[in-house]
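Participant: below is the sequence, then the predicted model.
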Amino acid sequence: FFFFQMDISQESYLDLFPLDAIVYLTPDSENVLEDIDPKKVYILGGLVDESIHKKLTLQKAQDQSLQTARLPIREYMVKTINTKNYHSETLAINQVFDVLSNYYTTRSWPAALKAGVSSGKGYVLPDAVN
């Protein structure tokens, strides 16, 4: 069991943390998140309809001169055949949080991704493919 402390503030994260400590997580980043650095602050972008606002979070991070990263979904998972031919690396905030918290505990991206990425996204671990 872990405990995560959460503080709520009206201030912007840009005012609360040094720019070089902030990593904006966005599925459109070219940078793969390989490990969690406890000295960094990870921003989970959210509430974006991927079909309408493609690359919105990436653009926001670039406009603010922030580092970006994406979860290593395509590095550890494979596309699965599905009737809708749907594959998306865009996750809800709670799914991203689940992946990060599972990775922090297990230090295993496959275990963390399995826990946080639903099969409805069109990705599965390679050992789940028949």
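Facilitator: Noted; the coordinates are in hand.
Participant: for this structure, what are the low-confidence residue spans?
Facilitator: 1-4, 46-53, 129-130 (pLDDT under 70).
Participant: quick check: His87 touching Gly122?
Facilitator: Yes - His87 lies in contact with Gly122 (CB atoms under 8 Å); the separation is 3.6 Å. Where you see a C-beta, it was placed from the backbone N, CA and C, and this is true even at glycine.
Participant: which residues do these two both contact?
Facilitator: Shared contacts of His87 and Gly122 (CB atoms under 8 Å, 6 or more residues apart in numbering): Lys79.
Participant: compare the two (neighbour count), which wins?
Facilitator: Gly122 (19 against 15; other CB atoms under 10 Å).
Participant: what's the first helix or strand after the biggest helix by length in the chain?
Facilitator: Secondary structure of the chain per DSSP state H: the longest helix is helix 93-106. Next in sequence after helix 93-106, counting helices and strands by DSSP states H and E, comes helix 109-116.
Participant: can you get me a residue count around Ile8?
Facilitator: Ile8 has 4 nearby residues by other CB under 10 Å.
Participant: now it. Its backbone dihedrals?
Facilitator: Backbone geometry at Ile8, expressed as degrees, to the nearest 10, gives phi -110, psi 130.
Participant: so how far is Phe17 from it?
Facilitator: Look at Ile8 and Phe17: by CB to CB, to the nearest Å, they are 15 Å apart.
Participant: also Gly45?
Facilitator: 16 Å.
Participant: mind checking which of those two has more residues around it?
Facilitator: Each of Gly45 and Phe17 has its neighbours counted (other CB under 10 Å); Gly45 has more, 19 against 13.
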